[in-house]
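Engineer: Quick one: sequence and predicted model below, then my questions.
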Amino acid sequence: MGRARKPLSAGELEILRMLWERGGLTLSAAHQAMVDAGHGIGYTTVQTRLERLVEKGAVAKSRQRPAEYSAKVNPDDARGSMVDAFLNRVSGVVPLFAHLVRDPSVSSDDLREMRRMIDEAERRLERDDSEDGV
């Protein structure tokens, strides 16, 4: 699976979640699943969102009739695409990180996990630099 090429809207992400949970679905089945889940959503709205997901490379559409839609990206890939788009809007990683470490909802455990990830990333960069002869 690959990363979605363009950011996903909240509505598109909801449909993608459904495809991850249920697998491939026809338009009719996808609409019914959304209605059954309590989403007051119209048939043509589901159709539009599915087609946009196909255009964005996040969903595949079969050639059979009725067409079946299936996820081409996994949750981590979709999340990565959304984070990349968000980082572009907030001008990079440092402003986001600064906000996170000041946020009162961030726990000590969260900060420890962030520190562990930073340490791991630094080790990986040092290893990559030494392999490149830098």
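Structural biologist: Looks like it came in fine.

Engineer: Just to confirm, what's the three-state secondary structure of the most centrally placed residue in the chain?
Structural biologist: Most central in the chain under Cα atoms, centre = their mean is residue 78, positioned 2.1 Å from the mean C-alpha point. Residue 78 falls in the helix class when you classify it by DSSP: H, G, I helix; E, B strand; the rest coil.

Engineer: That one contacts residue 56, correct?
Structural biologist: No. The criterion here is Cβ atoms under 8 Å, and residue 78 misses it with residue 56 at 10.0 Å. (Each C-beta comes from the backbone N, C-alpha and C, glycine too.)

Engineer: Scan the chain for its longest helix.
Structural biologist: helix 108-131 (DSSP state H).

Engineer: Just the buried positions in that one, please.
Structural biologist: Buried residues in helix 108-131, counted by 16 or more other Cβ atoms under 10 Å: none are found.

Engineer: Which neighbouring elements make contact with it?
Structural biologist: Other elements packing on helix 108-131 under the criterion 3 or more Cβ pairs under 8 Å, 6 or more residues apart in numbering; DSSP states H and E are helix 93-102.

Engineer: mind listing what's buried in the least confident helix or strand in the chain by mean pLDDT?
Structural biologist: Least confident helix or strand of the chain, by mean pLDDT, DSSP states H and E, is helix 75-89 with a mean of 80. Neighbour counts over helix 75-89 (16+ other Cβ under 10 Å) mark 77, 78, 81, 82 as buried.
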